[in-house]
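no sequence on this one, just coordinates:
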């Protein structure tokens, strides 16, 4: 069982201990364009994570649309000192919206590489469900699940490790691991 | 209500106060290629924002086509000291135009990440409306709305916050938030 | 008329005046792959611009294909001191050629952002016209028009300003501004 | 036989010899999203490579989804000192999944260029096989083969050289070289 | 004839003359994935170029697949001091292969811009010909032609200049210049 014996990366190394330890900062950036308050859902989840406003605090920002998320996330990291950012947006259903979503996602990818810091891209496509109630549950669930993932990445990486290869999903039910037999 | 209690990012931190405070600069770059004077519409909106030519001033440039916007915006930031740029262009309706628009948008995205400064991409696609009067209203409305967004991002970020997740649009009517019940 | 009153960017600031002023350099890079000598057309236009070989001179290079243009343009800027580059190429008509053109265009975009210097991408697609005489006129006209644009960007930016939003084209007739009434 | 006489790059130059020689580090990053424990397969293969835990050791990390692999791989290199990283993920079968896979792959490509360090992208697409047993064998085989490739790249580059142009595959049978006669 | 009179870029400036002059290095990187030994073809051509192993020498490396070419080429430049690299690969014929080829090509483009050094992308798509003998001739011819181009770019740039706009091809017959009359 090589994986179990391999050295596991300590994702919490950026935290400083001691009396002067600054609270870890988690950034949440959302948009006016989305048709659901995704940022609120993410903040609600973070508020029930251990250490909220004690070991970590949340910094929020709202931008016009999802193409504005990348540079905002980059600045939440570089200027505001966030250790991780949750970037939430809703691409529309037209072909041009898909292309814009692609550009926005590429920007979020690059912002991560420029800063060496994870930015969780949380996109709900307007056409993922036709029933607004179902779509709302996707917005709420996916935003919360990724907020929890961000918390785990900083403070409880073993939660991610034990779910490796388990077909975990956000927004819909988990797919689960493949049944091989 | 975690989001309300979270720390809000102060987008105006780049402004310096005092007798020697330099005016904040907003860049506006447009093209010869577009079939509507989008730069003029953006400038007209900025001219009616509070503090025009007092707390902020506008710097304009015109380039040949929308693929030339990205480096021009980058230079408006790096050489001319703009704190935000509004980049306005009109992609045509042929497939190759869509690909060029994609390249132009990727360039604008990267210019933001290279400079850590927002550049609002304001594209009106020539095929968004067949009626030239309707299309003209899209040009005028979207250019003005994004000019206002740029102003808000620098001076009144709470305007963006209170519209988070509200389905705000530029060019056409707002989509509004999802009606869940 | 806010735009008229806005501060206009002086694109000629890189020129140094005085007895030791070095000539401004304009780069022209073309390919063996193209089926028309686009570089010659660009050089012919520059040769009739005011100040040719007095206030500015032209540096040329030929590379194998259009995917080799980006790094050549970057080096014309970084190593040879060009203030602008005209990059001329001809993508073929097969789907793979379109993809290659996309990659070449992305490279030219990035080279601009890495250097903070405009590179005018002048591509003529082999399938823009079926009549070789028409296609030749597109090659000649577009190459010349963009060479003139490069000259204007460096020395007469007001030529671009006064054409903002006028539907200016290179290779074919101008589309003109939208007739709104 | 020019190739035989050419100078061959020594891929092991990053290793330092002597009593204080630090073990070479190989990074393995996988996801919760995948439906197979690809990281375990990679680690199992590395555990049977010569020098395991003597000349090299393995550092593992699990992230939520395949779009989170790039920045994690970058940090395994820059912060944890890995000389190569194996990045394992499973894109889904919907069109949006293909686009996301493209963005993830672009990020992994960029992370390599930013760090000057190879990151082997090991993606198994959920629709590569309809039979779950076949798909599982693809997951296991491709993850192991690329883990072996990573080992070869660091310690036995001649293994790669002698297979140049031989149509080697991971996950399915080798295609073999073209039969020209 | 402006082009003739323009200043021509001296591509050989990186060579140092004199008794201590180091040989110029040309990198050749190929893959195990390809079904033809493209690297050998490139090396065979370089071996018959003037100055082989006198004014220049060749450094070779083999990587698993074509997505691994970009970082290998970058390191051949940055670590091994190559003045140009020939990167040879064979994308397969499935749609996902086309996407991977796009990502690989983007990486090669970026590696050029990061290093300011040309990397000639030599891709033969598995579906360019159905007859394996024809395909083999494409592999051999394109690999050799681009190896010759690399040599010309370093040592005989006038060979490229005199072929500007002549519809030169690698792998198949030259298209030739357009016949305008």
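Done, it's in. In this text the structure is predicted, and so the values were computed from the model without any measurement. Residues are numbered from 1 along each chain as shown, chains lettered A, B, ... in the order given.

shaky segments in chain A?
Flagging of chain A using pLDDT under 70 yields the residue ranges A:1-5, A:10-21, A:180-181.

switch to 80 and redo it
For chain A, residues meeting the criterion pLDDT under 80 lie at A:1-21, A:179-181.

now do the strands in it.
Using DSSP state E, the strands of chain A run over residues A:7-8, A:24-31, A:56-63, A:84-89, A:119-123.

in a markdown table: the ones you listed, plus distance to residue E:115 and mean neighbour count.
The C-beta positions use only the backbone N, C-alpha and C, and glycine is treated the same way. Putting those into a markdown table (distance: least, C-beta to C-beta, whole Å; neighbours: other C-beta atoms under 10 Å in any protein chain shown) gives the following:
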| stretch | distance to residue E:115 | mean neighbour count |
| --- | --- | --- |
| strand A:7-8 | 33 | 14 |
| strand A:24-31 | 33 | 27 |
| strand A:56-63 | 34 | 24 |
| strand A:84-89 | 31 | 29 |
| strand A:119-123 | 27 | 27 |
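
a markdown table please, covering the ones you listed and showing distance to residue A:141.
Formatted as a markdown table, those follow (distance: least, C-beta to C-beta, whole Å):
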| stretch | distance to residue A:141 |
| --- | --- |
| strand A:7-8 | 28 |
| strand A:24-31 | 16 |
| strand A:56-63 | 19 |
| strand A:84-89 | 13 |
| strand A:119-123 | 11 |
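
got those strands as CSV, with distance to chain B columns?
As requested, the strands of chain A are exported to CSV (distance: least, C-beta to the nearest C-beta, whole Å):
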stretch, distance to chain B
strand A:7-8, 31
strand A:24-31, 5
strand A:56-63, 4
strand A:84-89, 9
strand A:119-123, 11
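
indicate which one of the ones you listed is closest to chain D.
Closest approach to chain D among those is made by strand A:7-8 (4.8 Å; C-beta to the nearest C-beta).

name the helices or strands packed onto that closest one?
Here strand A:7-8 touches helix A:157-161, strand D:56-63, going by 3 or more C-beta pairs under 8 Å, 6 or more residues apart in numbering or on different chains; DSSP states H and E.

do you know which of the ones you listed lies nearest chain C?
The minimum distance between chain C and the helices and strands packed on strand A:7-8 falls on strand D:56-63, with 26.9 Å, by C-beta to the nearest C-beta.

what's next to the closest one, contact-wise?
A:2-3, A:6-9, A:11, A:118, A:153, A:157, A:160-161, A:163-164, D:23-32, D:39, D:43, D:46-47, D:49, D:52, D:69, D:72, D:76, D:80, D:82, D:151, D:154-155 (C-beta atoms under 8 Å, 6 or more residues apart in numbering or on different chains).

may I see the PyMOL selection of the buried members of those residues?
In PyMOL, this line selects whichever of the contacts of strand D:56-63 come out buried by 16 or more other C-beta atoms under 10 Å in any protein chain shown:
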select buried, (chain A and resi 2+3+6+9+11+118+153+157+160+161+163+164) or (chain D and resi 24+25+26+27+28+29+30+31+32+39+43+46+47+49+52+69+72+76+80+82+151+154+155)
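
next one: residue A:152 from chain E, what distance?
Between residue A:152 and chain E the distance is 29 Å, computed by C-beta to the nearest C-beta, to the nearest Å.

remind me, longest helix of chain A?
When chain A is parsed with DSSP state H, its longest helix is helix A:132-155.

tell me which residues in that helix are buried?
A:135-136, A:138-155.

and stretch A:99-117, by the same measure?
Here stretch A:99-117 shows A:99-115, A:117 as buried, counting by 16+ other C-beta under 10 Å.

those residues in helices, which ones?
By the criterion of DSSP H, membership of these in helices covers A:99-115.

show me what contacts the residue in chain A that chain E sits nearest to?
Using C-beta to the nearest C-beta, the closest approach of chain A to chain E is made by residue A:106 at 10.6 Å. By C-beta under 8 Å, 6+ apart, the residues touching residue A:106 are B:106, B:109, D:103, D:106.

distance of the residue in chain A positioned nearest to chain C from residue C:100?
In chain A, no residue comes nearer to chain C than residue A:106, which is 10.6 Å away by C-beta to the nearest C-beta. Taking C-beta to C-beta, to the nearest Å as the measure, residue A:106 falls 19 Å from residue C:100.

check residue A:73 too.
Distance, residue A:73 to residue C:100, using C-beta to C-beta: 32 Å.

got the contact list for the closest residue to residue A:128 other than its chain neighbours?
Closest residue to residue A:128 apart from its sequence neighbours, by C-beta to C-beta, 6 or more residues apart in numbering or on different chains: residue A:138 at 5.7 Å. By C-beta under 8 Å, 6+ apart, residue A:138 lies in contact with A:124, A:128, A:129, A:171, A:172.

nothing else from me, thank you.
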